[in-house]
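Asker: The sequence and its predicted three-dimensional model are supplied below.
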Amino acid sequence: MPADSQNLTWFDAHSHLQDPRLAPHLPQVLARARAAGLARLHVDATCEADWSAVAALADAHPGLVICSFGIHPWFIQGRSARWLQNLRDLLATRPAGIGEIGLDARMDDSLDADREAVFRAQLDLSCELALPASLHCRDAWNPMLQILLALPPHPAGLLIHAYSGPADALPDLAAKNIHISFGGTLTRPQNARARENAARVPPGHFLLESDAPDLPPTLPGDIPPHLVGDDGKTLSEPAYIPYVGQILADLRNTAPGDIAAQATATARRLFAKLLT
Ligand SMILES: [Zn+2]
């Protein structure tokens, strides 16, 4: 029986439902999410320019959408001179986390030092305010792990989304109150690293995510994609999470219901301050 037909409750730990590619389809995306058993959708901002759209989504869907604000490593160039104060001011007005923030060494520009400074400032803020933060990391696992493992355990908890770092680091990350989430990349049969991480992440430290509209799952032939982008690729959306959860269950030798219960409980604990 497919994992989305068993009345399970799921939690999307990381998405970008404010993305303009989803805007025309949002009512259907949310309806499909509810029908698939998604109880909560966490939406991450990416730059100051989309903070108001993210806030509007949470305001429009109380009890369903929760949110985080921050500057993604791809968009640091567009930040204002007052960006950090703007972030503080916004976080003082509503329940929210910090995200998406992080490091990316595949940017082909000369801004890596700036990128690290913007990341560290937001990470420090998350420690100071005891708010959960959501992290991106691509090809920068050495500096990322060095920074994270030098910290004391995070007071609220961190989430590394689409984790593709080394499996050996997972117990040390867990000891720092750092969690990892799995999404579409786990469904790619050639992704041996994600599968190893899925099998080895300690209980209580894994979540599930759509990263909508990016990183779509590779769907089996009997599940047609709901939305396709201009480039012909499937757009990811929260309704695919039960399918990812089923794969995670197989890799951990357990039932989808056990994965749904564990991942949802972990998300509720990590994002407790965001849940209103
Ligand atoms: Zn993301």
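Answerer: Arrived safely.
Asker: After the strand or helix carrying Val54, which helix or strand is next?
Answerer: Here Val54, judged by DSSP states H and E, is contained in helix 51-60. Note on helix 51-60: by DSSP H and E, the next helix or strand toward the C-terminus is strand 65-69.
Asker: So what angle separates the directions of that following strand and helix 51-60?
Answerer: 160 degrees (axes from the mean of the first three to the mean of the last three Cα atoms, to 10 degrees).
Asker: so who does the nearest residue to Gly183 once chain neighbours are set aside touch?
Answerer: The spatially closest residue to Gly183, leaving aside those adjacent along the chain, is Glu209, at 4.3 Å (Cβ to Cβ, 6 or more residues apart in numbering). To be clear about C-beta, it is placed using only N, CA and C from the backbone, and glycine gets the same treatment. Contacts for Glu209 (Cβ atoms under 8 Å, 6 or more residues apart in numbering) come out as 12-15, 161-162, 181-183, 241.
Asker: hang on, the earlier thing: could you give the average pLDDT over the helix holding Val54?
Answerer: For helix 51-60, the mean per-residue pLDDT is 98.
Asker: I'd like the numbering to begin with 11 instead of 1 from here.
Answerer: Sure thing, new numbering starts at 11, so read that last one as helix 61-70.
Asker: Now do it: which elements does it pack against?
Answerer: Packing contacts for helix 61-70, counted by 3 or more Cβ pairs under 8 Å, 6 or more residues apart in numbering; DSSP states H and E, involve strand 48-54, strand 75-79.
Asker: what separates it from the chain centre, distance-wise?
Answerer: 17 Å (Cα atoms, centre = their mean, to the nearest Å).
Asker: got the buried residues for it?
Answerer: Within helix 61-70, the residues scored as buried using 16 or more other Cβ atoms under 10 Å are 61, 63-65, 67-68.
Asker: I'd guess Ala127 is in a helix, am I close?
Answerer: Yes: the assignment for Ala127 (DSSP: H, G, I helix; E, B strand; the rest coil) places it in a helix.
Asker: what's the lowest-pLDDT member of the contacts of Glu219?
Answerer: The member of the contacts of Glu219 with the lowest pLDDT is Ala172, at 92.
Asker: would you turn the contacts of Glu219 into a markdown table with secondary structure?
Answerer: Converted to a markdown table, the contacts of Glu219 look like this (three-state DSSP):
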| residue | secondary structure |
| --- | --- |
| Asp22 | strand |
| Ala23 | strand |
| His24 | strand |
| Ser25 | strand |
| His171 | coil |
| Ala172 | coil |
| Ser191 | strand |
| Phe192 | strand |
| Gly193 | coil |
| Ile251 | helix |
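Asker: which of those residues count as buried?
Answerer: 22-25, 171-172, 191-193, 251.
Asker: Might you report the residue contacts of Gln38?
Answerer: Residues in contact with Gln38 (Cβ under 8 Å, 6+ apart) are His236.
Asker: again, but for Asp224
Answerer: Contacts of Asp224 by Cβ under 8 Å, 6+ apart are 26, 246.
Asker: What is the neighbour count of the residue of the stretch 11-160 of the chain found nearest the ion?
Answerer: Going by Cβ to the ion, the ion is nearest to Glu110 of the stretch 11-160 of the chain, at 4.9 Å. Using other Cβ atoms under 10 Å, the number of residues around Glu110 comes to 27.
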